[in-house]
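build the 3D model from these lines:
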Amino acid sequence: MNVQPYCSRPARYNERPNNYQHNTFRRGERYPNFPRNNYNVRYDQSVIQIGTEKVGRLIGRSGSNIRDLQDRTNTKIHVERSSTNDTTAVTIIGTKEAQQQAICLIEESLRDMNVRTIQPVRILENGQRENEQREHGQREYVQRGYVQRGYVQRGYVQRGYVQREYVQRKYVQRDYGQRDYEQKENEQKENEQKENEQKENEQKENGQRENEQKENEQGENKQEKEDERFLDLDWQQISRDHDEYHRQKWAKCTPIVKHFYKEDPIIANLTSEQVDAFRKANNNIEVHIVLDDEEDTSEVLSIPNPIETFEQAFQDYPEILEEIRKQKFAQPSPIQCQAWPILLSGKDLIGIAQTGTGKTLAFLLPALIHIEGQITPRSERKGPTVLVLAPTRELALQIEKEVNKYSYHGIKAVCIYGGGCRKKQVTVVTEGVEIVIATPGRLNDLVRTEVLNVSSVSYLVLDEADRMLDMGFEPQIRKALIDVRPDRQTVMTSATWPMSVRRLAKSYMKNPIQVYVGSLDLVAVHTVLQKIYIIDENDKTDMMHQFLRDMAPNDKVIIFFAKKAKVDDVASDLALMSVNCSSIHGGREQADREQALEELKTGEARILLATDVASRGIDIEDITHVLNFDFPRDIEEYVHRVGRTGRAGRTGESITYMTRSDWSHARELINILEEANQEVPEELYHMADRYEAWKEKRATERRSGGNRRGGGGGGGWRRWF
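Model (predicted):
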C-alpha cells in the first residue's frame, strides 16, 4: 500500500510542519537536508529494531552520531521513545538507496558492542510495519540480502548455543559434549603456549642480564673518562666566556637613560646636620649603600638629600604635579621623601617600610618619567619598559588601579595574573603597553610562550619581595628575568629584611641604596591599637559574634582565618543569621574576589571574611578593625594583617584570639607589642615562659635520652598548661 510521501516539496528549516509532517516532527526541530530541486522525488520509510541498550550509542553525545548519519545518507532517522521486548524501533525515511546505506552504517556503528546485536527485521516500505513473531529460545531467520557479512555482533551469538563460525553463511548447532572436548583441547594448547613463552622469557632475561653487565662496564669506563675530562675543565675560562657572551649580546642595545633628577637649590644646600634631623623627624629614616664586593665605589658614595615637597622632586614635570594635586596629597610620605631623589638619579633602591606608607607611589612616579625619557621611541620598543612583579593578584590589581590614577603622556598599563582571562591579557600585551604588572606565575607563562618580550625592560620593580619568596616564587622569578637587560634600573620593596631577600637583592641589583623607615626589626603599625585575648578554641565563635553585634554603624572589619573551609563555613552561618558579609580566599574565582573587595570599599558589606590572601595588597583606607580569628602561621603575616587598618593617617584596632596551640608565637608577639607601646597580657608572658621551658626540656631529652618521647608522664606541650 502506498502512503503519502514524507515531503511533497522541499522542507525549509524551522518551517511549520504540514499535515503529513505533523506527527513526525516536533516544534523547533531542524528538518533534513533533502534534495531541494527535485520536486518529484517520493520518500519511503523503513523500520528496523535495535536493542534498547544501543539507543544511546546510535544517538551519540548530544545527538552527534545520528546527525552525522543523516547528513551522510541524506535521510531522516527517527528513534521511537517507547520500546517493546527490550528493542526499540528506528524509522528511516528517504529513498530506497539512502535507506539501505543508512541501515548498513547503523549496523557498522553498533558492530563492536559486546551486547545484544540488532535483531533481525524485514525492510518495510511505504510506511508499512511488520512485527516478526518468534518462539522462546528460537533464533530468528536473517535474510541473506539484508544482513551483510560482518554485521552480526558477538553479543548476539551466545557461546554454548550457537557457534559463530560463518562457514556457509549459516549458524551451526553444537552440543555440550563437543564444547567440553574443545575446551580441554584449548586448555592443553594454552598450557603448551605458556610453557613455550616461559622458556623464551628466561632466555631473553639471561641475554638481557649479560647485555646489562656489558653496558654497565662500558658505562663505568665512560663515566670515569667523563669525570676526568670534567676535572680538567677550566671553569674560570668558562665563566669569562659566559660573561663575554652576555656583554656582546647586550652591547648592541641602545643605552638606557636613568638620570632625570634636577636637585632643588634649597635641598642641595642642606647641611648634613639638617639632613639627619629631617630624616629622624620623619619616622627615623635610615639610608646606606649596599656595595658590591668587586665594584668601584667611587661614583656611588653620594646619597641624594631627601625632598620636603612634591615641587622639589618634580619641578620639571608639571603634568606629574598636576596629577598629584588631583589626589589631594598634602605632603610626601617618609619613604617618598628619600626614594624619589634616589630613583630619579638612576640608582637602584631597596625600600623597606611598613605597609600603607606609600611605597607604591614611591616607585611609580619615577617609572612614568623613565618611560618617556628613553632614547628609543615607544612605538619601536619590542615590549614593555617597566615591569612590576607582585606576589598576589590582589596586590597586582591594586598597583594597576594606582597607575590608572595618573595620566601621563598616554602611558598604558596592563595587569596579568593567573585566574584572569588569559586571552584578553594576551590581546592587550600584544597591542603594546608600557607598564606590565604581573604575578610571577603568569609572567613566566607569557615569557615562556614568547607572548611577552621582556628584553626592552629597563625599569624593574620587585614589590613585596619577602612575600614572593615566602610563597616559593624565586625559581619562576629567576627564569622569567633571564632576558631582562642587566644594566636596568631595579627597585625592590619589602616590609621585612630576611636573608632570602638580601640574597635576591645581591643577585639582581647593583650597588643599591637601602632606605628603611622605622627599623629593620619587625614592627607593626603604631597607629593601630592591638588587643590580645587568650581563650579556648571553642570560645572563638561566640566572641566573634559578640564583636559583630557591638560594631558601630560606620565600622568595617576584616576577619582573618587560617583555612578556606573555615571562611566558607562562617560565611554560611552569618548568612543564616541575616548578617551581610563578603568572603575572599584563594579557592574563589577572581571575579568573586574582586567583587568582595568592591563591596567592602563601597560599604555594601562591612564585614570581610578572608585568609592571608588578603593580608597584603588591600588598600582600603576606612577599615576600622582587624580580627585575627586564627593566629597566622608566622609573625610576619601578623604584622601585615594588622597593617590593613590604621592606614593613610587613620587609627585602627586589631583584635587577636590566641589559644594554647599558638604558644610558639608568644615571645615574638610580645616583642611586637612592646615595641609599639601596647598593653601585653600577663598570661601571654606566662605562655612564652612555658614554651621556652618546654623547648629547653625537649632539647635536654634529645641530648640525653636519644629517641625517647615524652618521658615519665607522656611529654608533649599540653603537659605545660
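
residues contacting V414?
E400, Q425, V428, V429, V433, I435, V436, I437 (CB atoms under 8 Å, 6 or more residues apart in numbering). Where C-beta positions appear, they are placed from N, C-alpha and C, glycine not excepted.

pLDDT at it, what is it?
Note on V414: pLDDT of 94.

check which helix or strand it maps to.
In this assignment (DSSP states H and E), V414 forms part of strand 413-416.

roughly how far is that strand from the heart of the chain?
17 Å (CA atoms, centre = their mean, to the nearest Å).

which strands border that strand, and is each parallel or antiparallel?
Counting by DSSP bridges, the strands paired with strand 413-416 are strand 435-438 (parallel).

what's in contact with the strand it pairs with?
367, 371, 384-390, 396, 399-400, 403, 411-417, 429, 443, 446, 452.

those in helices, which ones?
The helices, defined by DSSP state H, take in A367, I371, A396, I399, E400, V403, V429, L443, L446 from these.

can you pull the pLDDT of the nearest residue to the first one once chain neighbours are set aside?
Distances taken as CB to CB, 6 or more residues apart in numbering place V386 nearest to A367, at 4.7 Å, with adjacent residues excluded. At V386 the predicted local confidence, pLDDT, stands at 96.

quick check: V386 touching Y459?
Yes: between V386 and Y459 there is a contact under CB atoms under 8 Å: 4.5 Å.

what do the two both touch?
A367, H370, I371.

between these, which sits nearest A666?
Set against A666, the nearest of these by CB to CB is A367 (42.1 Å).

list the contacts of the closest one.
Taking CB under 8 Å, 6+ apart as the test, what A367 contacts is V386, I435, Y459, V461.

which stretches of the stretch 351-500 of the chain have low pLDDT?
Where the stretch 351-500 of the chain drops to pLDDT under 70, the residues are 355-356.

just checking, D662 touches F631?
Yes: D662 lies in contact with F631 (CB under 8 Å); the separation is 4.3 Å.

who has more neighbours, these two?
Neighbours were counted for D662 and for F631 using other CB atoms under 10 Å; F631 has more, 24 against 18.

which residues touch the more buried one?
Residues counted as contacts of F631 (CB under 8 Å, 6+ apart) are A562, Y638, T656, Y657, M658, T659, D662, H665.

and the residues you listed, which are buried?
The neighbour count (16 or more other CB atoms under 10 Å) marks Y638, T656, Y657, M658, T659, D662, H665 as buried among the contacts of F631.

among those, which are in strands?
T656, Y657, M658 (DSSP state E).

what's the closest of the residues you listed to Q678?
T656 (11.0 Å).

how near is that closest one to L389?
From T656 across to L389, the span is 31 Å (CB to CB, to the nearest Å).

now swap in E200 and tell me
Taking CB to CB, one finds E200 at 60 Å from L389.

those two - which one has more neighbours?
For E200 versus L389, the count of surrounding residues by other CB under 10 Å is larger for L389: 24 against 10.

bridge partners for that one, pull those for me.
A438, L462.

would CSV of the ones in strands among the buried ones among the contacts of F631 with distance to L321 and pLDDT be doable?
Shown next, in CSV, are those (distance: CB to CB, whole Å; pLDDT from 0 to 100):
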residue, distance to L321, pLDDT
T656, 42, 94
Y657, 47, 95
M658, 48, 93
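
tabulate those (TSV), appending distance to R478.
Formatted as TSV, those follow (distance: CB to CB, whole Å):
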residue	distance to R478
T656	36
Y657	39
M658	38
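
please pull out the lowest mean pLDDT helix or strand from the chain.
Every helix and strand of the chain was ranked by mean pLDDT, DSSP states H and E. The lowest is strand 162-163, at a mean of 40.

check contacts around the residue nearest to the spatial centre of the chain.
Centroid-nearest residue in the chain: G418, 4.7 Å away (criterion: CA atoms, centre = their mean). By CB under 8 Å, 6+ apart, the contact set of G418 is R393, T439, G441, R442, D445.

make it 6 Å
G441, R442 (CB atoms under 6 Å, 6 or more residues apart in numbering).

and it, its phi and psi?
Dihedral angles of G418 (phi, psi; degrees, to the nearest 10) stand at phi -70, psi 140.

cool, A89 as well?
phi -80, psi 140.

equivalent analysis for the one 5 residues further on, please.
Summarising the backbone geometry of G94 under the convention degrees, to the nearest 10, its torsions are phi 160, psi -170.

for S578, same thing?
Backbone phi and psi, for S578 under degrees, to the nearest 10, turn out to be phi 60, psi 30.

and for K601?
phi -70, psi -40.

now it: closest residue in space that isn't a chain neighbour?
In space, K601 is closest to I620, 5.5 Å off (CB to CB, 6+ apart).

picking up where we left off before, let's have the shared contacts of V386 and Y459 in JSON lines, adding distance to S333.
Shown next, in JSON lines, are these (distance: CB to CB, whole Å):
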{"residue": "A367", "distance to S333": "17"}
{"residue": "H370", "distance to S333": "20"}
{"residue": "I371", "distance to S333": "23"}
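
of those residues, just say which sits nearest to L600.
A367 (28.5 Å).

touching stretch 647-656 from outside, list them.
Contacts for stretch 647-656 (CB under 6 Å, 6+ apart): 356, 527-532, 621, 624-628, 642, 645-646.

endpoints of stretch 637-646, how far apart?
This stretch, stretch 637-646, spans 16 Å end to end (CA to CA, to the nearest Å).

gap between it and the chain center?
A distance of 25 Å separates the centroid of the chain from that of stretch 637-646, by CA atoms, centre = their mean.

again, but for stretch 674-693
40 Å.

low pLDDT regions in this protein?
In the chain (pLDDT under 70), the answer is 1-43, 112-182, 219-233, 235, 292-301, 355-356, 519-525, 616-617, 648, 705-721.

can I see the domain layout of it?
45-110, 265-517, 523-697 (the TED database).

now the terminal residues of the longest one, how far apart.
Going back to what we said before, that points to domain 265-517. 25 Å.
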